[in-house]
Each structure stands twice: as structure tokens, then as C-alpha cells.
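> Can you look at this prediction? I've put the sequence above it.
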Amino acid sequence: MSAASKETSIENANAEIDLTALVTLHQHGVWRYLRALGCDASLADDLTQDTFLEVMRRPFVQYNDRATAAYLRRVAHNFFISRRRRDGRMTVTEHAESLESNWMRWAGFDSGDRSIEALTSCFEHLTERAKLALRLRFAEDSSRQSIAETLGISEHGAKNLMQRAKTQLRECVEKKLQ
Amino acid sequence: MNEKQNDTSMNSEWIDPVFDSLLQEAVTGRHPPDLRARIVSAWRQEQAGRIPLPIAPLACNALIAPPVVGQQPLTANSNNSQAASSATSGVAEISRESQVKRRSHAWQVLLVIAASGVLIACAVQWRAAFVPSEYTVMQATKNDSTKNNVPKATQPNEVASASSKATRKASNANDGLKVDKRVAVDNEKLELENVPFANRNSTSAEPTRSIDAKPTSPRLSDQQIVELIDTQLATLWQRLSVVPAARMDEMQLIQSLSKTLAGQELPNAAVAELVELKPAERRERVIAQAVDSQAFARRWAGEITTQWLRGGSLVRGSVPVKRLEEFLASEIAGARPWNEVVTQVLAGESAAGDVLVSSMADGGNHRMAARLSGSFMDSSLTCVRCHEAKNPSSDANSQDQYWSLVALLIGLDAGATEVPAERSAIDKQAELFAAVKQPSLFFERPDGTLEAAKFVLPDGKPWQSVAGASSPRAALASWIGNSVQADQAIVNQVWQVALGRPLVATNSVLDDVGAAERTELQQLLAQQFRAHGRHLPQLIGWIVRSDAFARDAISIDQNRWLQAPESAIENWHLAEMTFAARTSLGQQAVKGGLESALAAATKWNQTIGSGSSSVQSNGPSVLAQPSVLAQPSADSKVKSKTPVKADVVMPAVGYAIHRGRLSSDQRTYISRLVASEKLTWDQKVEHIVSLSPNQSASSNVKRLSGELLKSLNDPSAALTELLWAVQNADAS
């Protein structure tokens, strides 16, 4: 393909993009990425939508799925920062330098589907107390003090319990992903 | 969830928001919703023009319309989160409409709040418009400064979803309510600098940003790292709409791999053995064989030595340089961690280290500081020798820090040995610092005051804080060897050997196309380099496996360039600048150093005769006339160009393509120099030349620059040519 025809194809690229297919393939990845950035579920919904619309408005060529996913993440990240600025809130990007590496590690290849599957399976192998602690923490948003009281242990003990459980989960998931 | 992520006490040793969010999803079972219908519907509405663009700027103008009711939801799996989002989402009319019925009472309450917001917002805006108090002026200034601080990577956000804004009525109402609150929080400094690598050259006075101090990076597999490189560059190409060059064919690629890794092409017999393998296996076989060979260690020792000695007094092939190369080759072959190699070499704990120091120290401590920063600290410090960094995107190093670095080099010099043409390192630090009265060093501030340089490391700690360091030199060597900057420097150097140009320029004025993505990639690679024990062959392996390495050069001749539209020329330029095409058009070093590059630029401009205005790279130019005359083109526009003499020296096509395409930073830098009344022409030349740590403004360079100015009669054009020469000249 000549350079000129390639350029023409860029100009017309957006017209040829199947938005439904694009969203189907990448929406979970973008949504999860936004959640990892710190969005609540509703904001993740909004920014996912904004991300796809913004990408559709610009010249856009799909080199490959991974490149498109990375591009969408960047746009989503920008929207997130923009939203935080607009709201006058501190951004939760203190450790953002390693976020992309972490993303590639856990979700870089399939938007995180395999990791979720592995996590669900590994979670079942935790002790009941560890499961309860993590459920309280992540599903019910309980404070550490509250978790400690529920389990009848010290706050420090609750922290250690959750820390150990997460380490166990991480190792288990890593094995499954290999 | 944010609170959880910020609760570092819960997870003080391991912070991974990605894992945490996935864990939360697994525990709660709250999986991503299906947003297809919602997004597609929003897109269709926008395309149909139902949502006007652009949006009226005043919140009070966009708030009044009541929510639409009566439509059925189209989203297949809309959940509670969508319900919540409808109040703030932009174009989610469909899902919102479906929820209004259920929440009509809630809407009434919301409308009351929104109406209040409208009134407050309008009142505030009216006050801002008609009562410009000190308060509002201050607010505007703060908002402007905040906007200016936004890194380039966030620029797309400035075009925030217009359609979303159009229908984000309730949200806007809340915005209206938030006006005063927002002003209040503007006083807080938003952590935008912490956006990943968005501003490598921050103006912050903290030059030693240590990634090591942050949570340990996960150690990715080789395959993941290669994917990381590919996706990062593809994202950059995507953003700049660059059409990458085609990939090399398989045989060309394996020969390129062999040549890059071992410095030699594969013999036919070896190629014949590889033919039977699958392409991926073939490449891996070539890489594995090359990395295991002695030729690999020798090749990379030679290349790295060349980069370290750039601008120094020693030349490749001399006995001392061979000594350094042999030392590096043995260390590379022995897979020694790179930080240990760098520390040993800089500390002068070996004869090879003496060679390096004797080359770097030649010309005084300032030259040594410049070479040291360029080769090992991934930065250019020359500007801050005389003043604080003025360019918003220039390297962030203060005058104090520069002079501290020079102070730590006191006592180091290069002197002649008994053998003619050989110079050896002289290190008098031990005796200097053993004396009762320690040496001192003073420097002059721009306002004329004298200041004593502190003998501190780049992170501000005294050199004695480095355990086991017997001298400032040893302390500095240890600090540099284990620094993040040294890791980034070696990433840059390996990238340059493999792909022709450094991944990130040491000074952003030299090259800032796609700087955000490239800097991010450089730092990610440096992170992984550290995580993998600073194993040099592994770093080289990641880079040569990348998609960028497999991209071919853009093949164009002058006729093709002549007839190419501006968009194609711009693409060629961007493709080379972003590693979407192998460097070939003129970005590679012009042989003969800065003087040769300047002489060539002068000659080409004199050939053109009419100065730079005729070669602004905007379409066909007289630069290509001779080849056109030889092969007449059917293009009437081309024929109409003024003929030139047949014996003109034709410039490289790359010169014409890359020249004159300045970034806004570069334009600002040059215009500031031109406008300066304090600086003489020679000082302006020195400023441009000092952007590269490997060049110096010799008397010949100044003379040639003067000739260029005389020829062009335009200081701005002459400095632009000089900048091109500095960018493209080799360091011989």
C-alpha cells in the first residue's frame, strides 16, 4: 500500500470502524483500568463511554488489539485526571508509574478476565477467616477496626491476616497465569 | 475503594491497585457492565447532531432542560452503577430515561438542587463578569497556571466529551454548586506531576527523583516487556496518526538482528539452517546464538565505550580505549550487574576506569560534568552552570546542584604521560581532602553574588554519607552507579545502538516528539532493568525483539520526496522521530562532527541562494531540482520551479524533511534566544551547542555559525540551522 493511500485510509478509518465490535472487545479492559485508577463503578461507566466516544471523534487506526487497548487506556487515564482536576480533587496517581506495569502483569493480555477467573478460584482456597476478612473489606467496605472486632482479633492481627491472604492469592494467581 | 487503596497501612509492603481492584471484583462479583448499547446510542445521537457541539460554556445555560422520559432502556446488563452514573454521565440518555420513572421523586429533589446550583453559578459568573474583584482575578490566574501545568499527555482532555457535557445537566448543576469549593481546593497543588512520566523534565528543583523509593515494580516476563514496548510505541503512533514503515522481511530481519547483536551478518550456511524453522523460532535462535557469542560482548563493549567517550579526547582504536573495551567485554560476557560495572569504572578502581576518566576530564571539570551527566545521568546540565533552568521543559537541575557536581570532581584531571598521545587520569582528591583545610569552590549567581558550592551528592546528601567511600569521586561513582538515572542512561544507549537514536533526548529542546510516551517507556524499561538485576544482555534482548526494531527504513528518493504531499512528508518525519521507521533519512549522525554538519547546512543554504524561506519543507523545493531536471516529472508544479545549477551539492533528503519542523518548545527556545539583548551572537551559539553534552562551541563552530547568519541574514533561521546541526552531528 502506498503512503498516500495509507493516509487516505487513515482519514476514512473512523468511518470503517465498527464501534460495537470495538466496545465489545475493549470495554471490560477500559472499565477495569478506570476502577484500578480509583473510579467508583458509576464514574467508570461514564468515563468508559467518554473514552470510546473521544477515540471515535479522532483519526484512529487499529494497528492491533493491544495497541488499541493501550491507546484507550491512555485516553481513559486522561479523562480520569481531567475529571479529578475539574472536581478539584487530589489525583490517585501517586503510584501511577508502576500502574502500567501492574496492568500488563495482571490484565495486559485479556483485560483481566483470566486473572478474575483465577482469583475467584484461588479465593475459595483461603481459610474461612481470611475469606471473611476480605469480603468485609472489599464487599462491605468495613474498616479494619470493624473487621478486627468481627473476627475477635486485634487490629494489627486483622491487617496481617488480610496481608497474608492477599499474598497467598497473588502467588496462587501467578501460578495459574503462567 | 480509593480509601482502601490509600490505606497504605493495610498494605504497607505491597501496593498494587490493579490487583486490588480485580480482587474487589472477584469478591463482590461486580463485573464490568455491558455498555455497548449505551455507547453506540450516544455515538449515533452525536453523529445525528442531536447533541449540539460545542457546548455553551455557562453552566446555567445548559441546566434548564428537564430529563427526558418515556424510553425503554437498551442496555443489556445495566446495573445499579449505571443508575448512579446517569446523574453525572454525558450521553447516557437511554439508561437515564429508563430510570427516571422509578426515581421521579428523586429527580424532583435533584432538580431543586440543580436549580439552586444554577442560581448560585449564574450569580457567581455574573459577579465575575461585572465585579472583577481581586478574588476573581486571583482565581483566574490560578486556573491559568493550573492549565499550564497540565502535561501534554492530558491535552486530549481539554477536548472533553462535548456531548457528555451537553447532557450532563445534573452534573453541571453540581458543578455550579461547587464553584466556591473548587476555588478553595485550587490552593492545593494537584499531584499532576505524579502522572506517569508526563513531565520528565519537570521544572521542579528535585533532580534526583528516585523511582526506587516508590513501591517495587513487578518483574515482568520478557514477553510482557516486549509487549510493553510495542504497545507504548503503537499508542504513540496512534496519537500522532503516524503510519509506520513496513516490517522487514524475515531474512532481512534476522540479518539485522545478527548485525546489531554481534556486529556481523550471518553466513549463508547459518542462514540455510534457519530456513527450516518457523519465523519466531528463527529469530529466537539468532538472538540466543548471538548473545552467547564473544562477538556480542565485544560489539556492545565497543558501542558503549564509544558512547561514553563521545566528545572526549580519546579515539576508538587507541590502546587505552581498547583496554576499556576489553574490560567491558569481559564484564558483559560475565553477566555482571551493570550498576557494579558503572560504579567500578567511575570510581577508577581499575585501569579501564582511569581511561574513562582521563577522557572525560580532558578540558576541565565543566566538560567532565557535562560528559558525566550526558553519559551516566541521562540529563544535560550545561544550561544550569550559569543560571537556573528557564525553559519550562528543560532539565530540572539547579545551579547549586550543578556546582555541587563540579565540586565533587575537584582534583580530577587528565595529564600527559610519558607515552606521547596518551593521557592518563590524575586523581588528587585523596590528598586534597586529607588536608586540614578542605578545598572550596565558588560560583557566581546571575545577580552577581558569589556562592560556595556544597560537596553534596545530587540528592543533597553529603558525599560522606555513602558507606565505604574514601573520596568524593568514589561516593559519586557509587551514587551514580546505583541511581535511576544511570539505568535510564543505559536504556537510552542500548536503544540508540539498536535503533539509531536515543529513546529520549537528554534535553527536550533537542527532540520532544512524543516525549511523554517515550519517557514513560524509558522509565518502564529502566524499572524492569532494575527488577531483572540490571542484566545488560536481557535489556538488549527486549529492545531487539520489539516491533520498532523490525520496522524497515522509509525508502524515498528526491523525486518521491519532491512530489509528496505535505502530509506524507510530515508522516515520514514523525515516523522516524517516533521509531515507526528505521532511521535513515538524516537523523543519523552527520560524519565529521558539528563543524561538518554546519558547513553542509551553510553550503546547502548558499546553494539555494534565497535563504531558508524557500526550503520550509512545505512541499516541493528547489533542493531537489537537479534530480528533477534529470528525470522530468509530469507534475506541472515541479516543472515551474526555478532551475539551479547542475553541479550543486545535493543535501540529504532527510535534511529537507526534518529541517525546519520545530516543536513549540524549540520555537520558544530559539525565539527567546533571538530576543535576548544580553547575549551576544556567540553566546547564543554557545547556548544551542550546549544542548548536546557531546558538542562544544569551538572557535570554528562560532565562525561557521557567523557565516550562516551572514548567508541567511536571519538570526532565527541561522539558529534553526545550528540546532539541526547539533541534533544530527556526530561527536567526532
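Nice, thanks for sending it over. Numbering: from 1, shown residues only, chains lettered A, B, ... in the order given.
> Which strands or helices does the helix or strand hosting residue B:560 pack on?
Assigned by DSSP states H and E, residue B:560 belongs to helix B:558-563. Helix B:558-563 sits against helix B:625-630, helix B:653-658, with contacts defined as 3 or more Cβ pairs under 8 Å, 6 or more residues apart in numbering or on different chains; DSSP states H and E. C-betas here are computed from N, CA, C, even on glycine.
> State the mean pLDDT of the first one.
pLDDT averaged over helix B:625-630 equals 34, rounded to a whole number.
> re the thing from before, just the buried positions in the helix holding residue B:560, please.
Neighbour counts using 16 or more other Cβ atoms under 10 Å in any protein chain shown place B:558, B:559, B:561, B:562, B:563 of helix B:558-563 among the buried residues.
> what packs against whichever helix or strand comes after that helix?
Toward the C-terminus, helix B:558-563 is succeeded by helix B:566-577 as the next helix or strand (DSSP H and E). Counting contacts by 3+ Cβ pairs under 8 Å, 6+ apart, helix B:566-577 packs against helix A:3-11, helix B:653-658.
> does residue A:42 sit in a helix or strand, and which one?
Using DSSP H and E, residue A:42 falls in helix A:41-57.
> CA atoms only: put that helix into PDB for me.
Provided in PDB are the C-alpha atoms of helix A:41-57 (Å, rounded to 0.1, in the frame of the first residue of the first chain):
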ATOM      1  CA  ALA A  41     -18.400   2.000  39.400                       C
ATOM      2  CA  SER A  42     -20.600   4.800  38.100                       C
ATOM      3  CA  LEU A  43     -17.800   7.000  37.200                       C
ATOM      4  CA  ALA A  44     -16.100   4.100  35.500                       C
ATOM      5  CA  ASP A  45     -19.200   3.700  33.400                       C
ATOM      6  CA  ASP A  46     -19.200   7.300  32.400                       C
ATOM      7  CA  LEU A  47     -15.600   7.600  31.600                       C
ATOM      8  CA  THR A  48     -15.600   4.300  29.700                       C
ATOM      9  CA  GLN A  49     -18.300   5.800  27.500                       C
ATOM     10  CA  ASP A  50     -16.400   9.100  27.200                       C
ATOM     11  CA  THR A  51     -13.300   7.300  26.200                       C
ATOM     12  CA  PHE A  52     -14.800   5.400  23.300                       C
ATOM     13  CA  LEU A  53     -16.600   8.500  22.100                       C
ATOM     14  CA  GLU A  54     -13.400  10.500  22.200                       C
ATOM     15  CA  VAL A  55     -11.500   7.900  20.300                       C
ATOM     16  CA  MET A  56     -14.200   7.800  17.700                       C
ATOM     17  CA  ARG A  57     -14.000  11.500  17.200                       C
END
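> what mean pLDDT does it have?
Here the average pLDDT along helix A:41-57 is 90.
> cool, stretch A:144-155 as well?
88.
> Identify the residues contacting residue B:271.
The contact partners of residue B:271, taken as Cβ atoms under 8 Å, 6 or more residues apart in numbering or on different chains, are B:251, B:254, B:255.
> coming back round to it: so, if you compare the buried residues of helix B:558-563, which one comes nearest to residue B:292?
Of all these, residue B:292 sits closest to residue B:561, with 42.6 Å by Cβ to Cβ.
> Surely that closest one touches residue B:658?
No. Residue B:561 is beyond contact range of residue B:658, at 11.7 Å (criterion: Cβ atoms under 8 Å).
> and the helices and strands packed on helix B:566-577, which one is worst for confidence?
When the helices and strands packed on helix B:566-577 are compared on mean pLDDT, helix A:3-11 scores lowest, with a mean of 42.
> Please identify the helix or strand for the residue lying closest to residue B:23 once chain neighbours are set aside.
The shortest distance from residue B:23 to any non-neighbouring residue, by Cβ to Cβ, 6 or more residues apart in numbering or on different chains, is to residue A:119 (5.9 Å). Per DSSP H and E: residue A:119 is located in helix A:113-123.
> who touches that helix?
A:28, A:106-107, A:131, A:134, A:168-169, A:172-173, A:176-177, B:22-23, B:25-27, B:31.
> how does it look with 6 Å?
Defining contact as Cβ atoms under 6 Å, 6 or more residues apart in numbering or on different chains, one finds that helix A:113-123 is touched by A:106, A:107, A:169, A:172, A:173, A:176, B:22, B:23, B:25, B:26.
> would CSV of the residues you listed with neighbour count, secondary structure and distance to residue B:692 be doable?
CSV is the format used below for the contacts of helix A:113-123 (neighbours: other Cβ atoms under 10 Å in any protein chain shown; DSSP: H, G, I helix; E, B strand; the rest coil; distance: Cβ to Cβ, whole Å):
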residue, neighbour count, secondary structure, distance to residue B:692
A:106, 27, helix, 41
A:107, 25, helix, 41
A:169, 22, helix, 50
A:172, 17, helix, 51
A:173, 25, helix, 47
A:176, 14, helix, 50
B:22, 23, helix, 45
B:23, 26, helix, 48
B:25, 23, helix, 49
B:26, 24, helix, 52
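> residue in the stretch 201-350 of chain B nearest to chain A?
Taking Cβ to the nearest Cβ, chain A has its nearest neighbour within the stretch 201-350 of chain B at residue B:234, 3.1 Å off.
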